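A.B. asks: Requesting a structural model of the entry that follows:
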Amino acid sequence: MSSLLYIIAVILVVFWAIGFLGYHAGGLIHLLLVIAVIAVLLRVIRGEKI
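C.D. replies: Residues are numbered from 1 along each chain as shown. A predicted model of the protein is given here:
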């Protein structure tokens, strides 16, 4: 389950980068980035290996 969380976080960051550089999707892209960062931080806080 934890590897799935990491994969989702990476996908969200990639989508954010695409949206930030190429498209103007507004707040949705930044919301995805925040969710991805929170997911990665939770993983780091729990001490799980990436």
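
A.B. asks: from here on, contacts and neighbour counts on C-alpha atoms
C.D. replies: OK.

A.B. asks: what's the neighbour count on Arg43?
C.D. replies: Counted with other CA atoms under 10 Å, residues neighbouring Arg43 total 17.

A.B. asks: Model confidence for it, exactly?
C.D. replies: In this prediction, Arg43 carries a pLDDT score of 83.

A.B. asks: Ok, Leu21 next?
C.D. replies: 69.

A.B. asks: any weak-confidence spans in this structure?
C.D. replies: By pLDDT under 70, the low-scoring segments of the chain are 1-2, 21-27, 29, 48-50.

A.B. asks: Quick check, central residue of it?
C.D. replies: Ala36 (2.1 Å; CA atoms, centre = their mean).

A.B. asks: Pretty sure that one sits against Leu12.
C.D. replies: Yes: between Ala36 and Leu12 a contact is recorded at 5.8 Å, counting by CA atoms under 8 Å.

A.B. asks: quick revisit: so what secondary structure elements neighbour the helix or strand the residue nearest to the centre of the chain falls within?
C.D. replies: Per DSSP states H and E, Ala36 falls inside helix 27-46. Counting contacts by 3 or more CA pairs under 8 Å, 6 or more residues apart in numbering; DSSP states H and E, helix 27-46 is packed against helix 2-22.
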